[in-house]
Each structure stands twice: as structure tokens, then as C-alpha cells.
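Trainee: Please work out how this folds:
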Amino acid sequence: MAAKKSRKFSIRKLVYNDKYLIAMSILAAIIIWVVTSISFSPETTKKIVVPVAVDFTDTLAQQLGIEYYGSTDITVEVTVSCKKYLAKDIDENDVTAYLQTGTVTSTGFHSVPISVAPNEGQDFSIVSYYPTSAEGYYDIYDEQSFPIDIDFTNTNFTADGYVAGQTVLSEESVTVEGPKAYVSRVKTVSASITLDNNLTESQFIELEPVALDESGNKVDYVKVREQITANVPVLKVQNLEPTVNFINAPANALDLIDVKYSVKKVEVGVVETDGSEKLVIGEIDFSQIGTGKNEFTFDIKDIGGVTALDGTTEIKVTVTVPDDFETKTLVISRNNITCTAVTGYKSRVVSLHKAQVTVIASSDEIDSVTADNLVMTCDINSADGSDIKTGTSAYPIIFSVKNAKTAWVSGVYNANIEITKE
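Mentor: Alright, predicted model coming up:
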């Protein structure tokens, strides 16, 4: 087989190749057009809106504690000069505008110059901008606390058979903050509430508290820091019979004692009703009941979700123990007291404040009640739900009397309990 002849590269052939010449001509034309467009592109101008920054870093105003109070959306209209092909890509992110806060050396109103410049690496120039300065108020920061005055624009908003209860706010007071000179002008903070008519359900309202001066005019430059909500209870009017709950009591407690109330019924507004004709005004611990007559007073204002409508402010409860009940003193031992079990803690009764307790029972049962009948416990969990306190502290002893139908322990007794972590 004959060997193939190798082809040599020839510039002469390329020069006389029509396709090659056309391709090279087009490429050269494009390169020349791009270079010419960039080098000799006409200049144009463009207007853009740029936000103005307010920065006090490393200024005398910062050292004096002076801050700016005024519009936070200051902008300038900036005219830039650039090559026409660049114009469409230039926006506010390519320009920096800021207040020359270094010129602020005292409180009060000041017209502060605005500086505008292209960001580093940008290929355009600033022709002009407007405004060239911004007026604002400069002062030292201050804050004060004020209660909120509620102003109902319509007061008769409940349906027939319902009344409005006491409005409850998420916060009793609010913080007014702003420039010191203006915070000092604030005398009250008020919030208006407008409700629909014929309401039968309680209303939760987002308030917009306003700081007012002594003439009732809104104070400029200050604001209320907290977000406040108001609960406006709408209460159903009812005539209810008062009653109390008894705790730490014998199982048949109401059969053992006589209970009387200072009023038979009270007209109240209640948030919710389950159809009961009873109004629970509180609870009585049987440890507070001794022989004979015992009196307890309950304040209507302490009953949640209830407003007295007939002028009743308090209800007295008289608990009378029959004459055939007697008292007896029993000696107790700390070894017989049980503490609630809490994971991660150990507890030990160290001592008793009193080693003797008073037991009350009917004359038929009193002799049979001994210390062996007493069940004594101490709850070492905190009443407010906070963490358990280690160390030695006093805790109340809770009593019950087993195998006795008429007996209870009268009085308050404490035990010193040592609590350690396991």
C-alpha cells in the first residue's frame, strides 16, 4: 500500500480561501466595533434616588450622647454622568449618601450637609444632587414611665342583660422614649377604644397609645416602646347565691358544721356561666376552723371575672362548729411526716416548730383519735412554680385524719425540711 502524503500548513492557501477571509473580516469588524463603542461612547446623565444614612460613629455628638430624631427615610435625588452603555446598570446601591453628623455639636434643630459619592470602583461621576442638606432635631435620649388612660369613644356597647367589666391591660404602664426635651413635655399617655354595639362576648384590642402634653396635644418625636393589648370583659348579669369551697376537710364536712353568709344573693356580672346559680367567692381551709363560731371575709374584687353590680363589696361567712365537738392535743413525730417525691432531689424532716397539734372531733369520736390516725405530708414544690430551693426551709404540714368521720386538725404547723440534690 502506498504511503499517504502529509499535508503542510500553508498561509498562502488560507489567504486565498474565501470562507476564511469572510470569517476573519466579521471577527475583526466586531472587535473594532466593541473597542470603538467603549472608547468613543457618548456621555449621558441619569437620575437616581439614594437613601441617606445617619451615622454618629467617631463624632463629638456620639461622645455627648446626642442622637438624631426626625424622618428615618431621608433621600436625595442624584444626577450621575456616565457612558451611555453603563447607564442602565447604575442604581442606588452604587452611590453612598450620608449626613455629615460631625458638624453637630449641640442639641436642637440643625440643618446638616449631605455628602454624596460614587462607591469605590464605579466608573461615573456625580453631577449634582438635591437636597444638599437635611434639617432635623438632635437631642439626648431619655425615657419615662406612664400609666395608660383608656378613652372609650362609645360606652354603651353591651347587649341587654350584659355589662362591661373592668378593662385589663397587658401592661399597667408604658415607656415613653425619645429626645429629652420632648419627653419632659409628656404629661399623660392615652389610648382610644372603639367597639361595636350589642356585644355579648369579651373583646381583645390592640392599643395605639399616644403621648400627650398638658394641653392634650400629641407630643412630637417621642414614641411608646411597648405593644399593649386591652381585654374588655363583657359580663352577663346574674343573681347568684354565694358559696365557699372547703379544703383539707373531712369527707362529710358540710354535715358537721353550720355555714351562713352575710347576703343571700348578689347581683354580679360574670364572664362565663355554666348554668349554676352559685357564686364561689373563695375557699376555707379547715385548719382555720376552731370550735364555736368562726368568721371569714371575702372581697368581691378578688373574685376573677366577676363584677358586683348591686354595691356589694364584701361577703362575710360564718362557720359554726356544734357544741358537742371537743378538742384534743396530740404529740406528733417528725419521723411520721412524708415529703413529696421530686426527681433529682432528696428531702429530710429536720425538726418541727411545734411537737403538739390540736385535733377537733365530735364528743363521740374524740377519745378514739390518736396520733396514729394522723396522715402528715409536706409539699416541697414551690407554690409559684419556681425551682426547688435547696438547704433547710420551713414548709407547712398538711393533715388528714384517717378512720375518723368527724375529726380534723386545727391550726397551722410547720416542719423544717432539708433539701439536697441527688
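Trainee: rest of the way, CA atoms for contacts and neighbours
Mentor: Noted.
Trainee: Give the helix, strand or coil label for the nearest residue to Ser351 once chain neighbours are set aside.
Mentor: Closest residue to Ser351 apart from its sequence neighbours, by CA to CA, 6 or more residues apart in numbering: Asn416 at 5.2 Å. Here Asn416 is strand, with the state taken from DSSP: H, G, I helix; E, B strand; the rest coil.
Trainee: is it true that Asn416 touches Leu352?
Mentor: Yes - using CA atoms under 8 Å, Asn416 is in contact with Leu352, at 6.1 Å.
Trainee: Poorly predicted segments of the chain, please.
Mentor: 1-25, 28-29, 31-41, 383-386 (pLDDT under 70).
Trainee: Going along the chain, name the helices of it.
Mentor: Assigned by DSSP state H, the helices in the chain fall at 11-15, 18-40, 60-64, 180-183, 253-256.
Trainee: Is the residue nearest to Ser351 bridged to anything, and to what?
Mentor: Beta-bridge partners recorded for Asn416 (DSSP bridges): Ser351, Ala394.
Trainee: residues contacting Thr377?
Mentor: Ile337, Thr338, Cys339, Thr340, Ile397, Ile398, Phe399 (CA atoms under 8 Å, 6 or more residues apart in numbering).
Trainee: And the buried ones among these, selectable in PyMOL?
Mentor: Filtering the contacts of Thr377 down to the buried ones (16 or more other CA atoms under 10 Å) takes a single PyMOL command:
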select buried, resi 337+338+339+397+398+399
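Trainee: okay, the contacts of Thr377 in CSV with distance to Thr307 next?
Mentor: Converted to CSV, these look like this (distance: CA to CA, whole Å):
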residue, distance to Thr307
Ile337, 42
Thr338, 42
Cys339, 40
Thr340, 38
Ile397, 35
Ile398, 33
Phe399, 35
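Trainee: which non-adjacent residue is nearest Val80?
Mentor: Ile126 (4.6 Å).
Trainee: I misspoke; the intended subject was Thr79.
Mentor: Closest to Thr79 by CA to CA, 6+ apart is Lys47, at 4.4 Å.
Trainee: How much space separates that neighbour from Glu92?
Mentor: 10 Å (CA to CA, to the nearest Å).
Trainee: With Glu326 instead?
Mentor: 92 Å.
Trainee: Same question for Glu295.
Mentor: On the measure of CA to CA, Glu295 and Glu92 end up 78 Å apart.
Trainee: same question, Ala415
Mentor: The value you get for Ala415 to Glu92, if CA to CA is used, is 74 Å.
Trainee: what's the answer for Asn119, then?
Mentor: The value you get for Asn119 to Glu92, if CA to CA is used, is 10 Å.
Trainee: Equivalent analysis for Thr57, please.
Mentor: Thr57 is 23 Å from Glu92, by CA to CA.
Trainee: for Glu422, same thing?
Mentor: 64 Å.
Trainee: Likewise for Ile332?
Mentor: Ile332 is 84 Å from Glu92, by CA to CA.
Trainee: what about those two, which has more around it?
Mentor: Between Ile332 and Glu92, Ile332 has the larger neighbour count (other CA atoms under 10 Å), namely 18 against 15.
Trainee: Quick check: the more buried one touching Val357?
Mentor: Yes - under the criterion of CA under 8 Å, Ile332 makes contact with Val357 at 7.3 Å.
Trainee: Run a quick neighbour tally on Leu27.
Mentor: Counted with other CA under 10 Å, Leu27 comes out at 11.
Trainee: Tell me the bridge partners for the nearest residue to Gly161 once chain neighbours are set aside.
Mentor: Distances taken as CA to CA, 6+ apart place Val237 nearest to Gly161, at 5.6 Å, with adjacent residues excluded. Going by DSSP bridges, Val237 is paired in beta bridges with Gly269.
Trainee: can you pull the contacts of Val237?
Mentor: Taking CA under 8 Å, 6+ apart as the test, what Val237 contacts is Gly161, Tyr162, Val163, Glu267, Val268, Gly269, Val270.
Trainee: repeat that with 10 Å
Mentor: By CA atoms under 10 Å, 6 or more residues apart in numbering, the contact set of Val237 is 160-164, 267-271, 306-309.
Trainee: Then Asp55?
Mentor: So Asp55 contacts Gln62, Glu67, Tyr68, Tyr98, Leu99, Gln100, Thr101, Gly102 (CA under 10 Å, 6+ apart).
Trainee: Could you measure from it over to Val104?
Mentor: From Asp55 to Val104 the distance is 12 Å (CA to CA).
Trainee: And Thr57, by the same measure?
Mentor: With the distance defined as CA to CA, Thr57 ends up 12 Å from Val104.
Trainee: What of Ile126?
Mentor: Distance from Ile126 to Val104, by CA to CA: 25 Å.
Trainee: When these two are compared, which one has more neighbours?
Mentor: Val104 (21 against 16).
Trainee: That one touches Gly65, doesn't it?
Mentor: No - with contact defined as CA atoms under 10 Å, Val104 does not count as touching Gly65 (11.4 Å).
Trainee: Name the residues contacting each of the two.
Mentor: Phe56, Tyr138.
Trainee: can you pull the contacts of the spatially closest residue to Asp160 that is not a sequence neighbour?
Mentor: With sequence-adjacent residues excluded and distances taken as CA to CA, 6+ apart, Asp160 is closest to Asn198, at 7.4 Å. Asn198 sits next to Asn156, Phe157, Thr158, Ala159, Asp160, Tyr162 when contact means CA under 10 Å, 6+ apart.
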